[in-house]
Structures are given as C-alpha cells and as structure tokens.
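Undergrad: I would like the atomic coordinates for the input below:
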Amino acid sequence: MMQKWAKVIFTFHTTTDAMAMESLCKEKNLSGRMIPVPGAITADCGLAWCAEPQMEEALLGAIKAAGIPYQGIYSLMI
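TA: Purely as a prediction, here's the structure:
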C-alpha cells in the first residue's frame, strides 16, 4: 500500500491562473508542484498546486500579493 502524506492544495478556476501560480512559485523560489486536481475535491480547472502544509502561509501571502485568483485551499492526505 502506498503511503500518503499531508499536503496543502490550491485549486483554480482557470488553467491560466494555475499556470500563473506555477510561474510565481518558480520566480519566488517557493516549493510545490502542479498536479491534477485530486478526486476528493473538485475545481473548475483540472490543475492544482500541491505543497507541504508548512508552506500554506507563504504561498497564500504570495498569491494574494500577486493578485492571482484561487478557487480554494485544502489540506489532504495524498
């Protein structure tokens, strides 16, 4: 059985917003990666940003400062 880890997941309304998040995180050297939206949640676009739970505050601050709209933030075991 595959081991699951706690993650923070940001979902987006559009693929453009998800890609903007990826660019922002690369530019600001913030950890995480783009993943397909997990089946446990739904989102308008099929992409989500996944990171370690301790990154939630830094990511939220960066996304708000950059003005990138997000759909939701979730804590999941994936």
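Undergrad: residues touching the residue nearest to D44 when sequence neighbours are not counted, list them.
TA: Residue nearest to D44 in three dimensions, not counting chain neighbours: H13, with 4.4 Å by CB to CB, 6 or more residues apart in numbering. For every residue, glycine as well, the C-beta is placed using N, CA and C. For H13, the contact set (CB atoms under 8 Å, 6 or more residues apart in numbering) comprises 43-45, 69, 71.
Undergrad: Can you tell me the centre-most residue of this protein?
TA: By CA atoms, centre = their mean, the chain has its centre lying nearest to W49, at 2.3 Å.
Undergrad: hang on, it packs against E56?
TA: No. Contact criterion CB atoms under 8 Å: W49 and E56 do not qualify, at 10.8 Å.
Undergrad: Mind giving me the packing neighbours of the longest helix out of those in the chain?
TA: Using DSSP state H, we find that the single longest helix of the chain is helix 15-28. Here helix 15-28 touches strand 47-51, helix 56-66, going by 3 or more CB pairs under 8 Å, 6 or more residues apart in numbering; DSSP states H and E.
Undergrad: ok, 10 Å please
TA: The elements that helix 15-28 packs onto, with contact taken as 3 or more CB pairs under 10 Å, 6 or more residues apart in numbering; DSSP states H and E, are strand 6-11, strand 33-36, strand 47-51, helix 56-66.
Undergrad: what's the most buried one of these?
TA: strand 47-51 (a mean of 22; mean count of other CB atoms under 10 Å).
Undergrad: what's that one packed up against?
TA: strand 6-11, helix 15-28, strand 33-36, helix 56-66, strand 72-77.
Undergrad: any residues in contact with both of W49 and E56?
TA: 7-10, 73 (CB atoms under 10 Å, 6 or more residues apart in numbering).
Undergrad: want to throw the helices and strands packed on strand 47-51 into JSON lines with mean pLDDT?
TA: Output for those, formatted as JSON lines (pLDDT from 0 to 100):
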{"stretch": "strand 6-11", "mean pLDDT": "98"}
{"stretch": "helix 15-28", "mean pLDDT": "98"}
{"stretch": "strand 33-36", "mean pLDDT": "97"}
{"stretch": "helix 56-66", "mean pLDDT": "98"}
{"stretch": "strand 72-77", "mean pLDDT": "96"}
